[in-house]
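Peer 1: could you work out the structure for the sequence below:
(3 chains)
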Amino acid sequence: MMRKDLNLIIRNGHVIDPSQGIDGKGALLVEGGKIKEVFQDSGFGIQADSTYEIIDAGGLYVLPGLVDMHVHLREPGYEYKETIKTGTMAAVRGGFTSVCCMPNTKPVNDNETVTEFILRKAYAEGACYVYTIGAITKGQKGEELAEMGMMREAGCVAFSDDGLPVMNSLLMRRALEYSKVFGVTIISHAEDLNLSSGGVMNEGPLSLRLGLRGIPVEAEVIAIKRDIELAALTGGRLHIAHVSTAGGVRAIREAKRDGIEVTAEPVRITLPLQRKQYVITIPMQR
Amino acid sequence: MYLKPFSCKQGERFFYAMSKELLDSKDMDRTITRMAHEILEKSRGVERVCLVGIQRGGVYLAKRLAEKIKLIEGRDVPVGALDIALYRDDLNIRKEYPAVRQTDIPFEITGQVVVLVDDVLFTGRSIRAAMDALMDIGRPARIELAVLIDRGHRELPVRADFVGRNIPTSHEENVEVEFLEDGGKDKVVLNQE
Amino acid sequence: MSETGQQLRNKDIVGIKDLSCDEIELILNTAVGFRDVLRRDIKKVPTLRGKTVVNLFFEPSTRTRTSFELAAKRLSTDVINFSVSASSMVKGESLIDTAMTIQALGADIVIIRHSSSGVPHLLARHLNASVINAGDGINEHPTQALLDAFTIMEKYSRIKGLKIAIVGDILHSRVAKSNIYCLRTLGAEVRLIGPPTLIPEGLIDPDIEIFHSMEEGLRDIDVVMMLRIQMERQDRGFFPTTDEYFRFWGLTLERLSLARPGAMVMHPGPMNRGIEIVSAVADSPQSVILEQVTNGIAARMAVLYLLSGRRG
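Peer 2: Residues are numbered from 1 along each chain as shown, chains lettered A, B, ... in the order given. Next up is the predicted model:
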């Protein structure tokens, strides 16, 4: 993916790089495909020969390649929705140079063969770096652990049954315990399926008025709290996917304060909205 | 005669038992030498002869006899160790069982002349047990018995073929044979209980 | 000259937990004498004539029951195998009633295996007969630990200071529990290796090192003690598949080469070849798996002898 012959100057941009503490007017000098220098001015004074491509950012943001740790590339199995090729192209378009793809493909990425297929395909056709997330349970059925160790060796970086929660608390405990051997994170799709069953939207006066079955926020909060307790019990590393409730955020904040190994991500599409809390899992999926 | 102190747990007091040294190390050595000669004389050499000591004093004595035989005859005789704990006839009446020690007879005894060796011959019950134990290991052509001390009081029809010393004793007395190998020094002591 | 040996303190052997270092050593030393008996043509002694031993097994077992049965027979006792399906248990008779009945039949020693932890302890309190635990639930299997220690002693002549790794399902293994207590009491350095789902980290003595990786855990080890992976466990999610278990925790020649040269390989049996151990290791000269079986009889004879010999 890296172009070794690339010589490039990006000037007149707003460079942001938290790792370097840079956030302001700036310019980049790229030589042989690698960033050679970051300038803290507009960079009009950079001397370069004709082999250098020059881009005038016109005051736009210049960012490091972003990582999206929660994407669905849908391949194999659902190529009519998305493929590794189209998904990674979309990622690059949005400024993402690395993506982690969830395992709810068909077949599910619950063994090293599927992992190897995705990685080989991504290497051949992908537009950005692809990291695979393996399933926690075989077929995402929530019944038996998948071969995490073998998938880890094949290249999986984390494990999740995303799209479905691991409802069985014992199995979730085992997953968090077992994952410790390989130092990988368990990503939880936090949802109590009994509480959310049949719901299509946030439970409240609106759902009543629309005559649609609602999902109480507790469906997510309870699931998050359970997983936090299990992470504390086992010492496993937990990540909560697409948190959409204030109660969930509070629980995670408290767990972090207590030193429990938990991280979380918000639902990006809800960020621009100003409502206080959303339960998005089921509505998003359907 | 001298007084030998020993402690008595019940009373926290010292009792004094009467002890008498019957044989010192030189006496013991002379006696063992004579016994070795007798064994050789009776068997006309060491062909087919092996020594089996009864744990534990008999084992030390058997080794001493073998050393003497080697000095006299210039030939090695095989020496084994026999534990008789598992063959005792008093297991059902004892309060506590004896320790089980190793039986180590690394040679064939079937068809051989086995000289059973023990330090003290008393009731004869140990010898009965030893013969039973030997029979489970093989079928010797003959079993002979060599003891350093015969103190009498037989309860079974047992007689030794080679005897170091005959020491008449009473039931209240106790003959103790000590060996250098066991951490003491060679001597035979008569204790009054 | 009827010298009296050292004795066990209790009338029962229900767990290694209750034995002192001296008592364990007494059993091991006594077993040496019985191993000699087992090497003879006539592998029987008259020692316990007239005694009655009952095998009371509430869980299916062939190996342990046979081993106890042979040990008892080699000592000239009368042995009765009390099979559970044929017993009154199915008629609703209580556990204690069953045991009391067996005692009334004249049993001197009752050997018990039960799927519930603590059953031998309960019966030991109710019976005058000696009780030997032949495995209770996930708690202890003391005679297995004794025979394992005996087997190690045979090769190394000591246990103190040896580095011993126990590999596999520590959580459910009564063999592992008894071995941990036994080897620690005798002064070995014990390590546990296996997936965290099968090693209850918080519950184990902090002095015992836990490894999740075979490659790290097997380094410099003198003895590798493999445990049987029970197939029914994987349904409960302790590990994904036997394939994956083998990939990470199976004992291969390559992994064994990380241990001390000539390190001893043990397994209580029955083995799952290709899951916890490969045939090349199980059948190698380093494996003492069959010696363990033979030594099991000697160790159990020692236990039967010592328990019979303390009426004081």
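Peer 1: contacting residues for the nearest residue to residue B:186 once chain neighbours are set aside?
Peer 2: Nearest-residue entry for residue B:186: residue B:25, 3.7 Å, with adjacent residues in sequence omitted and distances by CB to CB, 6 or more residues apart in numbering or on different chains. Just so you know, the C-beta spots here come from the backbone N, C-alpha and C atoms, and that holds for glycine as well. Contact analysis of residue B:25 by CB atoms under 8 Å, 6 or more residues apart in numbering or on different chains lists B:180, B:185, B:186, B:187.
Peer 1: domain ranges for the chain, per the record?
Peer 2: With no chain named, the answer covers chain A. Domain assignment of chain A by automatic domain parsing yields the ranges A:8-62, A:66-285.
Peer 1: hmm, I had chain C in mind actually
Peer 2: Structural domains annotated on chain C: C:16-140+C:294-308, C:142-292, as defined by automatic domain parsing.
Peer 1: and residue C:278, how far from residue A:26?
Peer 2: 59 Å (CB to CB, to the nearest Å).
Peer 1: go on, residue A:253?
Peer 2: Per CB to CB, residue A:253 is found 34 Å from residue A:26.
Peer 1: more neighbours: the two, which one.
Peer 2: Counted by other CB atoms under 10 Å in any protein chain shown, residue A:253 and residue A:26 do not tie: residue A:26 has more neighbours, with 22 against 12.
Peer 1: phi and psi next, for that one.
Peer 2: Dihedral angles of residue A:26 (phi, psi; degrees, to the nearest 10) stand at phi -170, psi 180.
Peer 1: skipping its backbone neighbours, what lies nearest it in space?
Peer 2: Leaving aside its sequence neighbours, residue A:26 sits nearest to residue A:15 (CB to CB, 6+ apart; 3.3 Å).
Peer 1: what about that neighbour, which SS state?
Peer 2: When classified by DSSP: H, G, I helix; E, B strand; the rest coil, residue A:15 comes out as strand.
Peer 1: count the residues that sit near the closest residue in space to residue C:208 that isn't next to it in sequence.
Peer 2: Setting aside the residues directly before and after it, residue C:208 is nearest to residue C:190 in space (CB to CB, 6+ apart), at 5.3 Å. The number of residues packed near residue C:190 is 23, by other CB under 10 Å.
Peer 1: in a helix, that's where residue A:87 is, yeah?
Peer 2: Yes. The assignment for residue A:87 by three-state DSSP puts it in a helix.
Peer 1: figure out the length between the terminal residues of stretch C:101-121.
Peer 2: Terminal residues of stretch C:101-121 lie 17 Å apart, using CA to CA, to the nearest Å.
Peer 1: what are the buried residues along that stretch?
Peer 2: By 16 or more other CB atoms under 10 Å in any protein chain shown, the buried positions in stretch C:101-121 come out as C:102-103, C:107-114, C:117, C:119-121.
Peer 1: coming back round to it: show only the entries of the contacts of residue B:25 found in strands.
Peer 2: Applying DSSP state E to these, the entries found in strands are residue B:187.
Peer 1: give me the buried subset of the contacts of residue B:25.
Peer 2: B:186, B:187.
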